[in-house]
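Trainee: Here is a sequence together with a model predicted from it:
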Amino acid sequence: MSLHFSFRLRRAALVAVSAVLLLTGAISAQAPPASHTPSPAEAAAAAAGKDRILLVLPFDNRTGEPSLEWIREAAANLLSARFTSAGFAPMSRADRLYALDHLGLPQGFQPSRASSLRLAQTLDADSIVVGNYINDGSTLIAEGRIVDVPHMRMSPPVTARGEMKNLIAVFDSLAWKLTRQLDPGFNVAEETFIAAGANLRLEAFEQYIRGITEPDQAERLRHLQQAVKLSPKFAPAWMALGREDYSGQQYQQAAAAFAKVGRDDPDYLEAGFYRGLSQMFLGEYVKAEGDFAAIARVLPLAQVLNNQGVAVSRQGHDGSAMFRQAAGSDPDDPDYHFNLAVSLKRHGNGAEALNELNQCLKYRPNDSEAQSLAAAWKQAGPTNVDPLERIVRTFDAVAFRQAAVMLDKMEATRLTALSPQERARTLASQARDYLSRGLLLESERLYQGAVAADAGAEEAHTGLAEVRERTGDSAGARKEARTALELKPSASAYLILARLDFAASHLSEANQEANEALKLNPNSQAAQELLRQVAAREAQPK
């Protein structure tokens, strides 16, 4: 099978993944009856650009300085991260390296325009992002373009510049400009993109990039350990460190590293999968079961259910239900039938066990272990043959991404069935959850969607005001808070104005707004604390 064809199969597999998710109960309830049928324009806007397969290539280093070569991969990494937060699904670095390997090209290959197109076509990408960077003294200048692969068109270049010490902000700004080209209707503010990377130390990010690109494993470990030391909350570095420890069979260290990857990180499910494997190899079967069960609650794919069943079985319990689900989700995989057969036999269901073993041999006739087991089971009398179930040792990131995309599509379909007001409330609630976790870009994207659905959604304007406040856009925060108050007075909107006025030393206005917040919510500790701060400031000598 050609590599190009295999990637087309991955895209086509979305249909199969959706069926698996439905069969295994990932979608727990039917969508409500449609009270609003979206217009073609609304449907097109909701899906604008999100179905396109996007590939970000490393940027060309035109500085003439080898010490800045690491920025090539840094550019692709930062842009991909922001595109993901913006609702796109860019291909991973692993996919790109896989394609380069199968094309016989080195990892550090710097493609021309023609070879870039060839790579994109191999990966079945619809759009690719290419670019370069130069330096002018202490100033970094980055340029990016989008190539429309099917139509062989290249967009006009966009540029971003800034001090070298603000490298992350430069590429965040470039990501915003490129996102506006990919989706002209995208209306998240540039400041929000820049705020997304504001808490990441440049030194830690450089160590991380060097840690994922260095050919020597010892050097990779050294850089990654330095990255997490410099920035202990930087999940991608912990993920990369966990992968290195896992590949080196340092399972205790790997499990600890994977545990540092939180649910807000795109690698969260993969981290949980390999943490579960690490616990399995350490003999910590209860912890392994918990890790796999947590993933299965989100995406109940066959490989996860299988490993959960193995963890259950290793504790002396019956994992047949999980193995049955795994075999039902992916009936062509012989290992799932093997595991189900072993589990059924162990718990007294010999006839069905033999049938499942025959299914295993149907898909893998030369499976010597299954052949020996079948021969033993067919003999009269008891047998002491009791093999261990087989573990899926590799995380299929493609399958997980496809499943996640399909879940997003199903959620989008569910939302379009709601009335504009209900859709706005749902999006605003989801945005509030993102905001509470500090994910400003994702939060603003959903708040903007809520406003687009219902311009009168007070909670969405209040949320946008808080996003603007956190990104330092005081004028934008005031505008959104006042819009929210015109629609419906709320303590939250008054508090935002009060904080802004307090920061600007407008103490009388801050006092008035905090009191308005207290009228609406007498138990507001935030309003009470702000009034104390205003009183303390007013008591200071002039």
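Mentor: Received it, and whenever you're ready, just let me know what you need. Residues are numbered from 1 along each chain as shown.

Trainee: So for stretch 158-172, first residue to last residue, what's the gap.
Mentor: Stretch 158-172 has an end-to-end distance of 13 Å (CA to CA, to the nearest Å).

Trainee: try stretch 187-201
Mentor: Termini of stretch 187-201 sit 27 Å apart (CA to CA).

Trainee: Now do the strands in the stretch 151-300 of the chain.
Mentor: Assigned by DSSP state E, counting those that start in this stretch, the strands in the stretch 151-300 of the chain fall at 153-154, 158-163.

Trainee: Just name the most buried of those.
Mentor: strand 158-163 (a mean of 17; mean count of other CB atoms under 10 Å). (Glycine included, C-beta is placed from N, CA and C.)

Trainee: helices and strands around it, which ones?
Mentor: For strand 158-163, the elements it packs on are strand 139-148, helix 167-182, judged by 3 or more CB pairs under 8 Å, 6 or more residues apart in numbering; DSSP states H and E.

Trainee: Can you check which of those gets nearest to residue 209?
Mentor: With CB to CB as the criterion, residue 209 lies closest to helix 167-182 of the helices and strands packed on strand 158-163, at 10.7 Å.

Trainee: Pull out the buried positions in that closest one.
Mentor: 167-176, 178-182 (16 or more other CB atoms under 10 Å).

Trainee: go on, stretch 507-523?
Mentor: 509-514, 516-518.

Trainee: got the contact list for that stretch?
Mentor: Outside stretch 507-523, the residues that touch it by CB atoms under 8 Å, 6 or more residues apart in numbering are 489-492, 494-495, 497-499, 501-502, 524, 526-528, 530-531, 534, 537-538.

Trainee: Dump it to PDB, keeping only the CA atoms.
Mentor: Taking C-alpha atoms only, stretch 507-523 is exported to PDB below (Å, rounded to 0.1, in the frame of the first residue of the first chain):
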ATOM      1  CA  LEU A 507     -11.600  54.900  42.900                       C
ATOM      2  CA  SER A 508     -15.000  56.600  43.000                       C
ATOM      3  CA  GLU A 509     -16.100  54.700  39.900                       C
ATOM      4  CA  ALA A 510     -14.600  51.400  41.200                       C
ATOM      5  CA  ASN A 511     -16.500  51.900  44.500                       C
ATOM      6  CA  GLN A 512     -19.800  52.500  42.800                       C
ATOM      7  CA  GLU A 513     -19.400  49.500  40.500                       C
ATOM      8  CA  ALA A 514     -18.400  47.200  43.300                       C
ATOM      9  CA  ASN A 515     -21.500  48.300  45.300                       C
ATOM     10  CA  GLU A 516     -23.700  47.600  42.300                       C
ATOM     11  CA  ALA A 517     -22.200  44.100  42.100                       C
ATOM     12  CA  LEU A 518     -23.000  43.600  45.800                       C
ATOM     13  CA  LYS A 519     -26.600  44.600  45.200                       C
ATOM     14  CA  LEU A 520     -26.900  41.900  42.600                       C
ATOM     15  CA  ASN A 521     -24.900  39.400  44.600                       C
ATOM     16  CA  PRO A 522     -24.800  40.300  48.300                       C
ATOM     17  CA  ASN A 523     -22.500  37.300  49.000                       C
END
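
Trainee: how distant is that stretch from the center of its chain?
Mentor: The chain centroid and the centroid of stretch 507-523 are separated by 39 Å under CA atoms, centre = their mean, to the nearest Å.

Trainee: Rounded mean pLDDT for it, please.
Mentor: When pLDDT is averaged over stretch 507-523, the result is 95.

Trainee: go on, stretch 442-449?
Mentor: In the prediction, stretch 442-449 has an average pLDDT of 95.

Trainee: From residue 93, how far out is the spatially most central residue of the chain?
Mentor: With distances taken as CA atoms, centre = their mean, the residue of the chain nearest its centroid is residue 266 (2.5 Å). Using CB to CB, to the nearest Å, residue 266 is found at 12 Å from residue 93.

Trainee: so where's the protein uncertain?
Mentor: Scanning the chain for pLDDT under 70 picks out 1-52, 107-113, 381, 542.

Trainee: wouldn't residue 103 be in contact with residue 119 here?
Mentor: Yes. Between residue 103 and residue 119 there is a contact under CB atoms under 8 Å: 7.0 Å.
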